[in-house]
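>>> let's see this in three dimensions:
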Amino acid sequence: LIDSLLWLMAHNDDTNVASRGGINGLHWLRRCAAELLARGGTTGDLGLQRLYRFDGECIARNH
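The predicted model follows:
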């Protein structure tokens, strides 16, 4: 299900993210989610580590 959420994040123009981080923040979020999926999503320990790092970056950016 988390990979489904990442897919949505990579493909949708989330107005909440745009209002919090601007258009550049939205582009960043979409790019990072797409990169996570391209690397296999949340599969395996490495995938989960990438997800946790992405989550931390989102929190730090207030996305």
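
>>> longest single helix anywhere in this protein?
helix 15-38 (DSSP state H).

>>> what's the first helix or strand after it?
Downstream of helix 15-38, the first helix or strand assigned by DSSP states H and E is helix 44-61.

>>> just the angle between that next one and helix 15-38, please?
Orientation of helix 44-61 against helix 15-38 (axes from the mean of the first three to the mean of the last three C-alpha atoms, to 10 degrees) gives an angle of 160 degrees.

>>> what is the longest helix of the chain packed up against?
Secondary-structure packing of helix 15-38 (3 or more C-beta pairs under 8 Å, 6 or more residues apart in numbering; DSSP states H and E): helix 2-11, helix 44-61. Placement of C-beta: from N, CA and C, glycine included.

>>> contacts only, for the spatially most central residue of the chain.
The chain has residue 33 as the residue nearest its centroid, 3.5 Å off, counting by C-alpha atoms, centre = their mean. Contacts for residue 33 (C-beta atoms under 8 Å, 6 or more residues apart in numbering) come out as 6-7, 9-10, 54.
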